[in-house]
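Novice: sequence first, then the predicted structure:
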Protein chains: 2
Amino acid sequence: MANSAWSEKVLRLLRRMNNFYLPVSNRENCLRFKIGEAQIGWIPPHVASLLERFPEVFSPPHDGAVSLCHSLDSYEKRSEAMDAVLQTLRQEGSLPCLKGWRDEKYSVMPKFSDPPLMWIERAATCLFGVKQYGVHLNGYTVSSSGEVSMWLARRSPTKQTYPGLLDNVAAGGLSAGFSIKQTLVKECQEEACIPAAIAEKACPVTTVSYTYEDEEGVYAETQFVFDLELPLDFKPIIGDKEVQEFYLLSMDKVKDLLATEDFKPNCAMVVLDFLIRHSFIEPDTVPCYQEFVAGLHQTLE
Amino acid sequence: MANSAWSEKVLRLLRRMNNFYLPVSNRENCLRFKIGEAQIGWIPPHVASLLERFPEVFSPPHDGAVSLCHSLDSYEKRSEAMDAVLQTLRQEGSLPCLKGWRDEKYSVMPKFSDPPLMWIERAATCLFGVKQYGVHLNGYTVSSSGEVSMWLARRSPTKQTYPGLLDNVAAGGLSAGFSIKQTLVKECQEEACIPAAIAEKACPVTTVSYTYEDEEGVYAETQFVFDLELPLDFKPIIGDKEVQEFYLLSMDKVKDLLATEDFKPNCAMVVLDFLIRHSFIEPDTVPCYQEFVAGLHQTLE
């Protein structure tokens, strides 16, 4: 594919994954979600109207913001009150995302370096636009002649989100109580049967951050990215059935696939970042190189 | 130095280099600088008032913006008109930055991928807050046991900007008409006597972007970053007298220096990015890791 057509498609992907920043987004109609003085997310209007029924948990909208009630003055109280509200809404069945309830607790904090203020069920994070953190692994090989290839996974056709699309060889959300590296090693084992002795060698290299909205809510995410050079004789094996197949592909092929609709979008971003860091694309031949880098690291702060 | 004290100092550097984004910045008092419909910079109030004397070049402020007059309808006409204004202001001597006139033509374009709309003298870019592009090289060595060290330069005590501070082994601004890689190879030769045969092997790995203001103007910059593993027996040699000395330092030492005032600030950012990409700092032990990445890639778009 010609560089300009390829670049245009990749830029479109980055814009879609950052559509919450666009002037046409719903951002102005969203309410800031606050605990005390700290903003921890964005609440879309259709969710805000549902929350009015829980005045013991959410104070009424004020100055463009909804706050958790001050009486909820501890991590435990906030988490329990939020969970009770979400269980009620889940039973009522009007919010499709809650049908994907996972029983996975996500920590909520204003910034990653802050102590968590509460936990929230993973499936509900988009209703409050709270930041989600995860890990993604670029698993690659280098042949004796120096040629780089990348392992990619194809998601199971029965997976709840993005069924059948291409994915990084291992990835997962950061649950409350797990370190970043622990999460990475766990996901490597569960999803691709990469033994801990190999997975431990993965190198943290950057983060990829983006914020998008859809009809259900706001997705503000940061992925901690790791690179892992896998032994040439190692083959990932399907672990927890979230994957249907693994492929080892040349970087040219991987680059072409980025401009198709075949990739789970945030995984395409992680791969784009790999292409940049490993000089598979160059700024003199890809004129929007700097817009690529900017689009991979958008944050709302 | 303990990780938390080190992180706090590095975060402070990133905030300073992005102070134009802070709520306390002068941004609200700046006028957008436009050519046609495209914004190409920011004009501080003290500059805007000087431009009123040139109504044949700048249309009067309207809707928070100053535009180049529509009659200047070509690259050449715009560049010549701007140059004439700047030569006048330079002779009057009221703008200190113009005392550092360099006779270096910088291209002005809304985005890097757009065709240039005009050129402007390098020393004047901050008066109009137009984006500047440059190249920076991380020159490093890997010992036989795998230990990484980095070459750093100390700037000459007589250099106009940031005299005596630590710098990357080679760096420079992107002048009109030169490619990014050409600029890098040229700077490698001029500043550190790195022969083209070695410099050509430098790998483009990312960009570092930031916007800061001071009493003179607005500095919106993007640096194209290259990594180059230098041979163990190679030593940079002082080229064009912009450098007084080169040092080969362990990464621990380089990391410590980042938290001092001894580094030219944008070079410290380039080195911080190197530390992240090469896993010398890890997200589990440096909690503001993601804020570091975000601070290295701020853009105004």
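Specialist: Happy to help now that I have it.

Novice: nearest spatial neighbour of whichever residue of the stretch 1-150 of chain A sits closest to chain B, skipping sequence neighbours?
Specialist: Per Cβ to the nearest Cβ, A:Ser113 is where the stretch 1-150 of chain A lies closest to chain B, at 3.7 Å. The way it works is simple: take the backbone N, C-alpha and C, and place the C-beta from them, glycine included. Leaving out its chain neighbours, the residue that sits closest to A:Ser113 by Cβ to Cβ, 6 or more residues apart in numbering or on different chains is B:Pro287, at 3.7 Å.

Novice: A:Tyr162 now?
Specialist: A:Lys264 (4.4 Å).

Novice: which positions in chain A make contact with chain B?
Specialist: Residues of chain A found near chain B (Cβ under 8 Å from any Cβ of the partner chain) are A:111-113, A:179-181, A:203-207, A:209, A:222, A:224, A:276-279, A:282-284, A:287-291, A:293-294, A:296-297, A:299, A:301.

Novice: filter those down to just the buried residues.
Specialist: In terms of neighbour count (16 or more other Cβ atoms under 10 Å in any protein chain shown), the buried residues within the residues of chain A next to chain B are A:112, A:180-181, A:204-207, A:209, A:222, A:224, A:276-278, A:282-283, A:288-291, A:293-294, A:296-297, A:299.

Novice: tell me the contacts of A:Glu187?
Specialist: Residues near A:Glu187 by Cβ atoms under 8 Å, 6 or more residues apart in numbering or on different chains: A:135, A:137, A:170-172.

Novice: a helix runs through it, doesn't it?
Specialist: Yes: if the criterion is DSSP: H, G, I helix; E, B strand; the rest coil, then A:Glu187 is within a helix.

Novice: show the pLDDT at it.
Specialist: Looking at A:Glu187, its pLDDT is 97.

Novice: mind checking how far it is from A:Phe178?
Specialist: Plainly put, A:Glu187 is 10 Å away from A:Phe178 if you go by Cβ to Cβ, to the nearest Å.

Novice: and the residue most central in space within chain A, bridged to which residues?
Specialist: Centroid check for chain A by Cα atoms, centre = their mean gives A:Glu221 as the closest residue, at 4.6 Å. Per DSSP bridges, the residues bridged to A:Glu221 are A:Gln132, A:Tyr210.

Novice: right, and it touches A:Leu174 too?
Specialist: No: using Cβ atoms under 8 Å, A:Glu221 is not in contact with A:Leu174, being 10.4 Å away.

Novice: mind giving me the domain ranges of chain A?
Specialist: As given by automatic domain parsing, the domain ranges for chain A are A:3-21+A:132-295, A:27-127.

Novice: in chain A, which helix has the most residues?
Specialist: Taking DSSP state H as the criterion, chain A has its longest helix at helix A:75-92.

Novice: quick one: name whatever helix or strand follows that helix.
Specialist: strand A:105-108 (DSSP states H and E).

Novice: do you have the helices of chain A handy? List them.
Specialist: So, for chain A - with DSSP H - the helices run A:3-17, A:45-51, A:75-92, A:125-128, A:180-192, A:196-199, A:251-258, A:265-277, A:289-295.

Novice: next one: the fifth one to chain centre, how far?
Specialist: Relative to the chain's own centre, helix A:180-192 is displaced by 15 Å; criterion: Cα atoms, centre = their mean, to the nearest Å.

Novice: returning to that earlier point: so how far is B:Asn3 from the residue nearest to A:Ser113?
Specialist: For B:Pro287, the distance to B:Asn3 - Cβ to Cβ - is 8 Å.

Novice: for stretch A:138-157, which positions count as buried?
Specialist: Residues of stretch A:138-157 classed as buried under the neighbour-count rule (16+ other Cβ under 10 Å) are A:138-141, A:149-156.

Novice: where in the stretch 1-150 of chain A is pLDDT low?
Specialist: Applying pLDDT under 70 to the stretch 1-150 of chain A flags the ranges A:1.

Novice: please read the previous query as pertaining to the stretch 151-300 of chain A.
Specialist: Counting by pLDDT under 70, the stretch 151-300 of chain A contains low-confidence residues at A:300.

Novice: mind listing the residues bridging to the nearest residue to A:Phe128 once chain neighbours are set aside?
Specialist: In this structure, A:Phe128 finds its nearest non-sequential neighbour in A:Gly41, 4.4 Å apart by Cβ to Cβ, 6+ apart. As for beta bridges, A:Gly41 partners with A:Phe33 under DSSP bridges.

Novice: what is the neighbour count of A:Gly41?
Specialist: Residues contacting A:Gly41 under the criterion other Cβ atoms under 10 Å in any protein chain shown number 25.

Novice: kindly report the same for the one 10 residues further on.
Specialist: Under the neighbour criterion other Cβ under 10 Å, A:Leu51 is assigned a count of 21.

Novice: for it, what are its contacts?
Specialist: A:43, A:57-58, A:66, A:85.

Novice: looking at these, which are in strands?
Specialist: Counting by DSSP state E, these place A:43, A:66 in strands.

Novice: scan the contacts of A:Leu51 and report the most crowded one.
Specialist: When neighbours are taken as other Cβ under 10 Å, the top entry among these is A:Ile43 (25 neighbours).

Novice: surely that residue touches A:Arg27?
Specialist: No: A:Ile43 lies out of contact with A:Arg27 (Cβ under 8 Å); the separation is 11.4 Å.

Novice: dihedrals phi and psi, A:Ser279?
Specialist: Per-residue torsions, A:Ser279: phi 60, psi 30 (degrees, to the nearest 10).

Novice: spit out the contact partners of it.
Specialist: Per Cβ under 8 Å, 6+ apart, neighbours of A:Ser279: B:203-205.

Novice: and chain A, which of those residues reach it?
Specialist: Answer for the contacts of A:Ser279 near chain A (Cβ under 8 Å from any Cβ): B:203-205.

Novice: tell me how far A:Arg78 lies from B:Asp284.
Specialist: Applying Cβ to Cβ, the value for A:Arg78 to B:Asp284 is 25 Å.

Novice: just curious, which of the buried residues of stretch A:138-157 is nearest to A:Leu257?
Specialist: Distance to A:Leu257, by Cβ to Cβ, is smallest for A:Leu152 among the buried residues of stretch A:138-157, at 7.9 Å.
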